[in-house]
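**Q** here you go, sequence then predicted model.
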Amino acid sequence: MTGKFNLFFRVLKKRPDFMLGYIIVFLIIIIAIFAPLFAPFDPIKSDAKNYLKAPQWPYLMGTDATGMDVFSRVLYAPRVDLAIALLGTLLSAVLGVILGAIAGFYDGSGKVAGFGSAFIMRSADVVQAFPVFVFAIAVVAVLGQSIQSLVMAIAFVNAPIYLRLMRSQCLSIRRMRYVEAAYLAGTSDVKIILAHVIPNSIAPLLAQLSVNIGWAILLTSALSFIGAGVEAPTPEWGSMISMGFQNIVTGHWWPSIFPGLALAVTVLGFALVGSSIEILADPVRTRKLLLS
Amino acid sequence: MKIDDLTRRTFLNKSIAMSSMALVPNLMSQAALAGGHAGTMVIAAPATPQSLDCEYDVSLGTFEAVAALYDGLVEFEKMPDASVPTAQREDTAYYADKVGGVNMKGKLAESWELQPDAKRIVFKLREGVMSNWGNELTAEDVKWTWDRKFGLAAIGGFYTKVSGLSRPEDVRVEGKYTISFNLDNPNPLILKIHPNLYNPIYDSTKCKEVATDDDPWAKGFIENDSAGFGPYRLESMARGQQAVFAAREDYWQGKPAIDRIIFKEVPTSASRVQLLQGGAVDIAQYLQPLEIKGLKGVPNVAVETVPASFMIWIELNAKMAPFDNVDIRRAMNYAFPMEDVMSSVYQGLASPLDGCMPNIYPGFIGGSPYSYDPAKAKELLAKAGFSDGFESTLSYNAGDPVQEPIAILYQSALREIGVNLNLEKVPAGSFYNAVSQREKAMIFYVDSPWCPDPGYSMTLYFDSESFVNYSNYVNSEVDGLLKIAAETADEGVRLDAMGKAQEIVMDEAPWTFVAYPNYTMARNSNLNGWTYYTSNNIRFQDFDKS
């Protein structure tokens, strides 16, 4: 374990930007958990006497058109964005891993299971044939506008990514000697998949998970921006940008620019963490980085 | 501009203007054309007409097109606006000494005679008026126009009903240029209804020519082209992009001052503002209050705002609990933060909705019993058995930028009295359906009755059988008063009945009363001639460039 930690810190030393990613993600999580302690105002309390105040004390990021404090809302927003993105991405990973393991394990088996494997892959093709954003809008439109629908939309659009990743891992792992040995020892297929295939395929999935959380936050915000996501006045970055962008032309830039920046930084943080995991999970790339 | 003159704000404005222009192909070249040729006017509008047939279409832009392509029989006389002397507006006041109590002048009709019992009116049409297809106006055109309303029974069905017409035979051709409307009962709207833009006169010769067995009323043609006696003809129309209108040389009042109108779709109001500031368009329509405020003092831009017939309110569904309880509806009005909405959302460009019909129309009594009073609201909630409050959902239009901030302010105010209000954003495209289905507990609505008459306005929204009574409000006494106003030409009796009806409606509060938003004209300062109409749209023929 110590060796792994050493390796981790050596990689961070070589790539300080990865460190930045971890700091961002750590801070965002802390902010999300302790938002009520940090936020100076109620994030959904409007105050018409103080609408569109420029950044100043006590409104560090100004106020929006209804007098809500932008700083408090920016701090509260990751509670919604992160929760939706995490839940959606985890759900997509679970769904994708299970289906990918089945599809990979039974690929070309010629039995009913083989047909099932092909069916899973073609279904994934159908889902991926649609542009992600359009498909997510369609899912929200069908399920109705709610946080649950957003989670489902994220799960649906991302599941094929994990499915393909898991399948490709599974295709190589199923031919490993230890899998064959387990098979000969009479271990059931379910047990082989759960005990041997999935645990040995998990590393690239973790890297993908982090990148996808970033994208899921972006997707949540994009859906809220066009009015298909979180309902106003729930503090959410996309919804805040949507409420504030019309005011840019009148010189009131702060209601949309600050949540936009918060969104950009968060997505960057998760993308950097994802890249670091991707490198750490690949011994060849890790060695190459350390020797560079 | 010297580089030293380039402040941060002007740089930002110019940059955004340039990017807006990039989003609107060809607008720069059209702007150059508009700037160099006084005969072209470019209008930045939220949407182009979806259809040119007002029998079916009520979309934005349709009525600007209808007003340009068609003329009606009569129109209200104009007078200078009291608040903006450079602007004109219709004189909709009641005149006891004038025919029908209204100050009208002829358009396609040169004279008219109204029977004292208001059961018959005869119009004498102008001779020699030609359509854009070269056909002369005759009484047959007026007859065909009203037969079409009976035949299609769409929006026109409402107009035949409020005009008191029971059957197509009630509209009679008395001579080549004489047409009469004959009613079974007296109807006070028999004259007032004709300036309404829903009643344009069609060139029946052309319409009959293009009609088919499957389409006897030329729906397919009128939807995409025109056959009228108006000042402009349609040159081209690409929905979602632009509609182009060309002035008619042979228009009966003479060719309009501006030769060509480019009616351009620019969906976001911020882009419309920037295009106006940059001089790329002559008129920017439907701007937000903050944008209007920001345009004041901008060189070469004139902004004028006048009281209008617009009203915005929240329908409280009287068929759904708890809004079936009148005390709850009253409480919702006492909890509405009117002052905050007026100052922050409307920036002073609206006045409180203190009545249930436009305050610029004759017969308006005003005097709302409600003002922001959370204690009174709580008291009423307790009286209605909801001392712990309740939960409800307010639906608002994603396409109307003022509705969301109003909803948020209202939500905060209601929280103070224990009412938990959820907000539901409805896409602009499906909003009208959501309103007309009458299944939402609370939903915004913006409208203006296009006939300056208390009976017409009140019947639209509060007659228990009206298709626009979206709050499901039913009161037999109000129905009775509306019936009195619809069946007598005695203005004293009508005003008395409508005054009582307004008092009852205000007391029973089927709406949360919000605002009378002003109408704003944001234009290039070299454009003259703007007239405010109660239909809240512009008529291209009014304008000229200095």
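**A** That came through fine. Numbers count the residues shown, from 1 in each chain, chains lettered A, B, ... in the order given.
**Q** okay, now residue 165: neighbour count?
**A** Went with chain A since none was named. With neighbours defined by other CB atoms under 10 Å in any protein chain shown, the count for A:L165 comes to 20. In this view, the C-beta of every residue, glycine as well, is placed from N, C-alpha and C.
**Q** wait, chain B
**A** Counted by other CB under 10 Å, the residues lying close to B:L165 total 22.
**Q** who's in contact with it?
**A** Taking CB atoms under 8 Å, 6 or more residues apart in numbering or on different chains, we find B:L165 in contact with B:W146, B:F150, B:V171, B:F181, B:L183.
**Q** excluding residues flanking it in the chain, which one is nearest B:T393?
**A** B:N422 (4.4 Å; CB to CB, 6 or more residues apart in numbering or on different chains).
**Q** so the one you found makes contact with A:E231?
**A** Yes. B:N422 lies in contact with A:E231 (CB atoms under 8 Å); the separation is 7.2 Å.
**Q** shaky segments in the chain?
**A** Because you didn't say which chain, this covers chain A. Residues of chain A meeting the criterion pLDDT under 70: A:1-2.
**Q** you answered for a different chain; I wanted chain B.
**A** B:1-38.
**Q** domain ranges for it?
**A** In terms of domains, chain B is parsed into B:21-67+B:230-305+B:521-545, B:74-206, B:311-517 (source: automatic domain parsing).
**Q** nearest to A:R79 among those domains would be which one?
**A** A:R79 sits nearest to domain B:311-517 of all the domains of chain B, at 18.3 Å, using CB to CB.
**Q** residue contacts, the closest residue to chain A within the stretch 51-200 of chain B?
**A** Nearest to chain A, among the residues of the stretch 51-200 of chain B, is B:L60, at 17.7 Å (CB to the nearest CB). By CB under 8 Å, 6+ apart, the contact list for B:L60 reads B:A45, B:P46, B:A47, B:Y286.
**Q** do I have it right that the second one meets B:K264?
**A** Which is B:P46. No. Look at B:P46 against B:K264 with CB under 8 Å: they stay out of range, at 10.5 Å.
**Q** which of these two has more neighbours?
**A** It is B:K264, of B:P46 and B:K264, that has more neighbours when counted by other CB under 10 Å, with 22 against 19.
**Q** and the more buried one, that's in a helix?
**A** No. Counting by DSSP: H, G, I helix; E, B strand; the rest coil, B:K264 is not found in a helix; it is strand.
**Q** make sure it is actually in contact with B:V42.
**A** Yes. Between B:K264 and B:V42 there is a contact at 6.1 Å, judged by CB under 8 Å.
**Q** so which bits of chain A are right by chain B?
**A** Within chain A, the positions adjacent to chain B are A:44-49, A:51-52, A:65-68, A:145, A:227, A:231-233, A:243, A:245-252 by CB under 8 Å from any CB of the partner chain.
**Q** ok, 10 Å please
**A** With CB under 10 Å from any CB of the partner chain as the criterion, chain A comes near chain B at residues A:42, A:44-52, A:64-68, A:141, A:145, A:224, A:226-234, A:239, A:242-243, A:245-253.
**Q** tell me which of the residues you listed fall in helices.
**A** Residues of the residues of chain A next to chain B located in helices (DSSP state H): A:A141, A:S224, A:S239, A:S242, A:M243.
**Q** narrow the residues you listed to those that are buried.
**A** A:S224, A:S239, A:S242, A:M243 (16 or more other CB atoms under 10 Å in any protein chain shown).
**Q** so the second one sits against A:F245, correct?
**A** The one in question is A:S239. No. Counting by CB atoms under 10 Å, A:S239 does not reach A:F245; the two are 11.1 Å apart.
**Q** name the residues contacting each of these two.
**A** A:F225 (CB atoms under 10 Å, 6 or more residues apart in numbering or on different chains).
**Q** can you tell me which residues contact B:S448?
**A** B:S448 neighbours (CB under 10 Å, 6+ apart): B:308-312, B:357-358, B:360-361, B:457, B:460, B:516-517, B:519, B:534-536.
**Q** go on, A:A77?
**A** A:28, A:31-32, A:35, A:43, A:217, A:221, A:224, A:230, A:234-240, A:259, A:262-263, A:266.
**Q** how about the residues of the stretch 151-300 of chain B that lie near chain A?
**A** B:268-274, B:277, B:288-295.
**Q** ramachandran angles for B:E113?
**A** Torsion angles at B:E113 (phi, psi; degrees, to the nearest 10) stand at phi -130, psi 130.
**Q** hmm, it is touching B:I121, no?
**A** Yes. Because the distance of 7.0 Å satisfies CB under 10 Å, B:E113 is recorded as touching B:I121.
**Q** what touches both of those two?
**A** Applying CB under 10 Å, 6+ apart, one finds that B:E113 and B:I121 are jointly contacted by B:V99, B:S180.
**Q** the two: which has the busier surroundings?
**A** B:I121 (23 against 11).
**Q** which of the helices or strands spans the more buried one?
**A** Following DSSP states H and E, one finds B:I121 within strand B:120-125.
**Q** repeat that for B:E209.
**A** Short version, using DSSP H and E: B:E209 is in helix B:204-210.
**Q** can you give me how far the helix or strand following that helix is from the chain middle?
**A** On the C-terminal side of helix B:204-210, the closest following helix or strand by DSSP H and E is helix B:219-224. Centroid displacement of helix B:219-224 relative to its chain, using CA atoms, centre = their mean, to the nearest Å, is 22 Å.
**Q** packing partners for the helix or strand that helix B:219-224 is followed by?
**A** Next along the chain after helix B:219-224, taking DSSP H and E as the criterion, comes strand B:232-238. Judged by 3 or more CB pairs under 10 Å, 6 or more residues apart in numbering or on different chains; DSSP states H and E, strand B:232-238 is in contact with helix B:62-69, strand B:242-247, strand B:260-265.
**Q** partners of the second one, with directions?
**A** I take that to be strand B:242-247. strand B:232-238 (antiparallel), strand B:260-265 (antiparallel) (DSSP bridges).
**Q** and B:A82, which of the ones you listed is closest to it?
**A** Nearest to B:A82, of all the strands paired with strand B:242-247, is strand B:260-265, at 28.7 Å by CB to CB.
**Q** now the next helix or strand after that closest one - C-alpha only, PDB.
**A** Later in the chain than strand B:260-265, the nearest helix or strand by DSSP H and E is helix B:269-277. This file holds the C-alpha atoms of helix B:269-277, laid out as PDB (Å, rounded to 0.1, in the frame of the first residue of the first chain):
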ATOM      1  CA  SER B 269     -34.000  40.100 -26.800                       C
ATOM      2  CA  ALA B 270     -30.400  40.800 -26.000                       C
ATOM      3  CA  SER B 271     -29.500  40.400 -29.700                       C
ATOM      4  CA  ARG B 272     -32.400  42.600 -30.700                       C
ATOM      5  CA  VAL B 273     -31.100  45.300 -28.400                       C
ATOM      6  CA  GLN B 274     -27.600  45.100 -29.800                       C
ATOM      7  CA  LEU B 275     -28.800  45.200 -33.400                       C
ATOM      8  CA  LEU B 276     -30.700  48.400 -32.600                       C
ATOM      9  CA  GLN B 277     -27.800  50.000 -30.800                       C
END
